[in-house]
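Peer 1: Got a predicted structure plus its sequence, pasted below:
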Number of protein chains: 2
Amino acid sequence: MFQIAPTTRVRRSPYFDATVAAGVTSFTPYNQMLLPTSYGDPEAEYWRLLNGVSQWDVAVQRQVEIRGVDAARLVQILAARDLSNCRCGQGKYVALCNHDGTIINDPIALKLAPDRFWLSIADSNIVFWARAIAAERRLQATIVEAEVSPMAVQGPQAEAVIAAMFGDWVRDLKYFCFRQTDLEGIPLLLARSGWSKQGGFELYLMENSRATALWNLIAEAGRAWDIGPGCPNYVERVESGLLSWGGDTDERTNPFEVRMGKYVDLQVGDEVIGIAALRRLHRRGIARHQLGLLLETETPMPPHTVWYDLQVARRKVGDMTNGVWSYRLKRNIGFALLAREILPGAAVEVLKEGKRIAASVTELPFL
Amino acid sequence: MFQIAPTTRVRRSPYFDATVAAGVTSFTPYNQMLLPTSYGDPEAEYWRLLNGVSQWDVAVQRQVEIRGVDAARLVQILAARDLSNCRCGQGKYVALCNHDGTIINDPIALKLAPDRFWLSIADSNIVFWARAIAAERRLQATIVEAEVSPMAVQGPQAEAVIAAMFGDWVRDLKYFCFRQTDLEGIPLLLARSGWSKQGGFELYLMENSRATALWNLIAEAGRAWDIGPGCPNYVERVESGLLSWGGDTDERTNPFEVRMGKYVDLQVGDEVIGIAALRRLHRRGIARHQLGLLLETETPMPPHTVWYDLQVARRKVGDMTNGVWSYRLKRNIGFALLAREILPGAAVEVLKEGKRIAASVTELPFL
């Protein structure tokens, strides 16, 4: 394994000191920051997320704040999902597409006020993108990366921890809904969300200098539920079928290919970026679709770092875009981006480092 | 130190296997890839670059290819430097700015043909940016990240190595000029360029599957000059005053603040992005400028990972944007982004981790 070189080009999470104190051992780059990815015991971290409660530094999930008289219009122009019925205090999962209908990010759009939104982004530069569009269309909107740093509290015991700290009102919070509040004077926005299927909340810290204090308050309050440090979990997210933009997508992936068609509203206005292309793609039908793979190998494999070709009868039919050992299924699994004619149940071969591994195609999610 | 977690989201350089074989020990994220930053002996790597010749995997320096009938017009719209006199086979260092005149990247623009350009970019997403502008202005240009992977050969002995391999014509190549050629059938573009002030060349490999072969050919041919693996060198680049976009710049840095005014042509056409803002900024005069800092500390310090405040009489006057121990000056040095009124010769204080370090302001480059 390799070390990460020091530089001022890669920004530090405000939770960095707290995660170091908690024993973080590895990171991955994300939005020109570093995302903790392990505290040294991946399997223990996995079962804690599955059975208990886990706290995550997800400050890399940056907030692109869009505010001003044209903010609502701009957000709608950027997102191929009808946001006209989005209420203040509500978030929606959206596909941002380019003019060709290719996904360039899959954020949660949070409506803070009629003229103020956050795009809680995946790993690509949306500040530049949104500014280019706003300036070229002469829209009145201020676009900044907000000084906001989310921390996630995830797992079946997350609600108990959060309710103990914030009160029972949090139990009524609907998925992707949020409320601005504070914790011992630390301003934050509390949302029911997070990049796992185990349930939980995200605390959008709005005063970075209080990051260690917030981290410690959660760690302290969660002690009764045996909370511990964790991270967006590679194994759990693959089992749960969660998309990683940039990991499972390429330079031509459209929303229909990766199970995001239900978040695309083709009847939104013509000024929405990519909508003409999306209508055309939808009419024509997609060339690829995203499915699961069950590998016929017994030995636990480490997480994939590259895509592998998938073949049927020695002909390429797609790519395996991620792969990992599932602790629950006790086998190697992964995602495939496959030619449309390859359906669940099909047998394919994974070409991995000179070897051919038999695999069967299945629906997502696995669990 | 921390490890880098495996993911398919961060792409692998085609030279990855070769650099591993050469003993790479650390990386830094750059353009959603990993840039090698050391082979385990930073000081030896530094002196090799200063006195001999060094070969670098700089595949992270991605090529944004812009081609088509409107390609030249689009490149000029993106770059605030007059490119009308740029010849085929010539590169120019340019500032890409947004509509507010803030630098968003500082690539070399290479003119391959009248209708085909590469922007050899620093660490920010210019594919999205260029596509947004092209689509919004309805320009006919194809914009892709080319499958091209530069390797740098740097140091005073670089010319001898490159001439031995390609012939004596390379000695006449002017700075930033290039020629398309091949090496034992491996297609590449050879340029006199590279992110050091020690001289050298960059080989833009145009067939990624040949990366290991190319790496080994250079290593073999360079043996007579004691070539060895290296990286863009933090110490050398600070001594030489080379700008790191994203490391030494922030969300409001314009070209005039960071010594790039000479690459801005204010008389270029009004359609150039940011030109109105740049004219205004130039007329008004800049608020900050970039200078060097000589620290009054004896102990070699590791490279900085964050910006530190600079004060005069307990009042903030700027930021120290990088810092490192200079092997030649035998002292700690760095860059400052300082209020315009603070001039070379001034005494300032660096606020670093609770301590105050005395420093004096100087011109850049140091050497």
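Peer 2: Great, that's in hand.

Peer 1: going forward, measure contacts between C-alpha atoms and count neighbours the same way
Peer 2: Fine.

Peer 1: Confirm that residue A:134 sits in a strand.
Peer 2: No: applying DSSP: H, G, I helix; E, B strand; the rest coil, one finds residue A:134 to be helix, outside a strand.

Peer 1: wait, doesn't residue A:3 sit right on residue B:34?
Peer 2: No: at 11.1 Å, residue A:3 does not count as touching residue B:34 under the criterion of CA atoms under 8 Å.

Peer 1: So which elements touch the helix or strand harbouring residue A:35?
Peer 2: Using DSSP states H and E, residue A:35 falls within strand A:33-38. The elements that strand A:33-38 packs onto, with contact taken as 3 or more CA pairs under 8 Å, 6 or more residues apart in numbering or on different chains; DSSP states H and E, are strand A:26-30.

Peer 1: who does the strand it packs on touch, helix- and strand-wise?
Peer 2: Here strand A:26-30 is seen to pack against strand A:33-38, strand B:3-4 when contacts are counted using 3+ CA pairs under 8 Å, 6+ apart.

Peer 1: so who does the residue of the stretch 1-150 of chain A found nearest chain B touch?
Peer 2: With CA to the nearest CA as the measure, residue A:9 is the residue of the stretch 1-150 of chain A nearest to chain B, at 3.8 Å. Neighbouring residues of residue A:9 by CA atoms under 8 Å, 6 or more residues apart in numbering or on different chains: A:32, B:244, B:245, B:246, B:247, B:248, B:305.

Peer 1: Now pLDDT too, for those residues, in CSV please.
Peer 2: Formatted as CSV, the contacts of residue A:9 follow (pLDDT from 0 to 100):
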residue, pLDDT
A:32, 95
B:244, 98
B:245, 98
B:246, 97
B:247, 97
B:248, 98
B:305, 91
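
Peer 1: Looking at these, which are in helices?
Peer 2: Applying DSSP state H to the contacts of residue A:9, no entry is found in helices.

Peer 1: Going by distance to residue A:288, which of those residues wins?
Peer 2: Comparing those against residue A:288 with CA to CA picks out residue A:32 as the nearest, at 30.4 Å.

Peer 1: these two touch, right, the closest one and residue A:13?
Peer 2: No: Residue A:32 lies out of contact with residue A:13 (CA under 8 Å); the separation is 10.2 Å.

Peer 1: who touches both of those two?
Peer 2: With CA under 8 Å, 6+ apart, residue A:32 and residue A:13 have common neighbours residue A:60.

Peer 1: sec struct for residue A:236, please.
Peer 2: helix.

Peer 1: How about the residue in the stretch 201-350 of chain A that chain B sits nearest to: what's its closest non-neighbour residue?
Peer 2: Residue of the stretch 201-350 of chain A nearest chain B, by CA to the nearest CA: residue A:247 (3.8 Å). Closest residue in space to residue A:247, ignoring its immediate chain neighbours: residue B:9 at 3.8 Å, by CA to CA, 6 or more residues apart in numbering or on different chains.

Peer 1: What does residue A:56 show for phi and psi?
Peer 2: Phi and psi for residue A:56, reported as degrees, to the nearest 10, are phi -120, psi 140.

Peer 1: again but with residue A:116, I slipped
Peer 2: Note on residue A:116: its backbone torsions stand at phi -150, psi 120 [degrees, to the nearest 10].

Peer 1: So what pairs up with it in the strands?
Peer 2: residue A:67, residue A:113 (DSSP bridges).

Peer 1: and the longest strand belonging to chain A, what other elements does it pack with?
Peer 2: Assignment by DSSP state E gives strand A:315-326 as the longest strand of chain A. Judged by 3+ CA pairs under 8 Å, 6+ apart, strand A:315-326 is in contact with helix A:234-239, strand A:308-312, strand A:331-339.

Peer 1: closest to residue A:354 out of these?
Peer 2: strand A:308-312 (10.5 Å).

Peer 1: who has more neighbours, residue A:3 and residue B:34?
Peer 2: residue B:34 (23 against 19; other CA atoms under 10 Å in any protein chain shown).

Peer 1: measure the more buried one to residue B:57 for me?
Peer 2: 10 Å (CA to CA, to the nearest Å).

Peer 1: from the contacts of residue A:9, which single one is nearest residue A:364?
Peer 2: Closest to residue A:364, out of all of the contacts of residue A:9 and judged by CA to CA, is residue A:32, at 30.2 Å.
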